[in-house]
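Coordinates for the following, if possible.
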Amino acid sequence: FHYQVFDVLKATNPEFHQKLVMVPGDISLPKLGLSSSDYEMLTQQVNIILHLAATVRFDEKINIAVPMNIGGTKEIIDLCRACVNLKSIVYLSTAYSNCNRKYIEECFYDPPLEYDEVINFLATVDEAVLEVIKPK
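Residues are numbered from 1 along each chain as shown. Sure thing, here's the model as predicted:
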């Protein structure tokens, strides 16, 4: 917490770091790879969730990126829905999710496929096919 981004927070609430809890997990796994006790603790005690985890490698294989970036976000949303004291979620993303658009507006865009369709496709398609169809 020795970065400038925390200066205002430290000035207004010097003990803020005592309220932060970091837990080990894996965004590509069900329930974020959290232990049962950590998941329970989060659902009962957390007020704010920061979702900043993702792969930002633009050359990442799609069968790795989707479970991390899309699946991880779905798991975070599921966790948020289970939280009894949640006041806020902060989500950080890149504009790369709409890289096919010349201009990105401040609005929600309908996805070309539903989450389950993408997951089912990736589970059944051969990795060689993914290499052939990926954008160059």
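
Only C-alpha atoms from now on, for both contacts and neighbour counts.
Will do.

what about the helices in this protein?
7-12, 36-45, 62-65, 72-82, 115-124, 127-133 (DSSP state H).

Quick check: which of these is nearest to residue 20?
helix 36-45 (11.1 Å; CA to CA).

Quick one: list the elements packing against that closest one.
helix 72-82 (3 or more CA pairs under 8 Å, 6 or more residues apart in numbering; DSSP states H and E).

Can you get me the centre-to-centre distance for the helix it packs on and its chain?
From the chain centre to the centre of helix 72-82 is a distance of 9 Å (CA atoms, centre = their mean, to the nearest Å).

Now for residue 44: which residues touch it?
Taking CA atoms under 8 Å, 6 or more residues apart in numbering, we find residue 44 in contact with 83, 84, 85.

Could you verify my assumption that the last one touches residue 47?
Yes - using CA atoms under 8 Å, residue 85 is in contact with residue 47, at 5.4 Å.

Nearest to residue 99, out of the helices of the chain?
helix 62-65 (15.0 Å).

residues of that closest one that come out buried?
62, 63, 65 (16 or more other CA atoms under 10 Å).

and which of these is nearest to residue 24?
For those, the nearest to residue 24 is residue 65 (19.6 Å; CA to CA).
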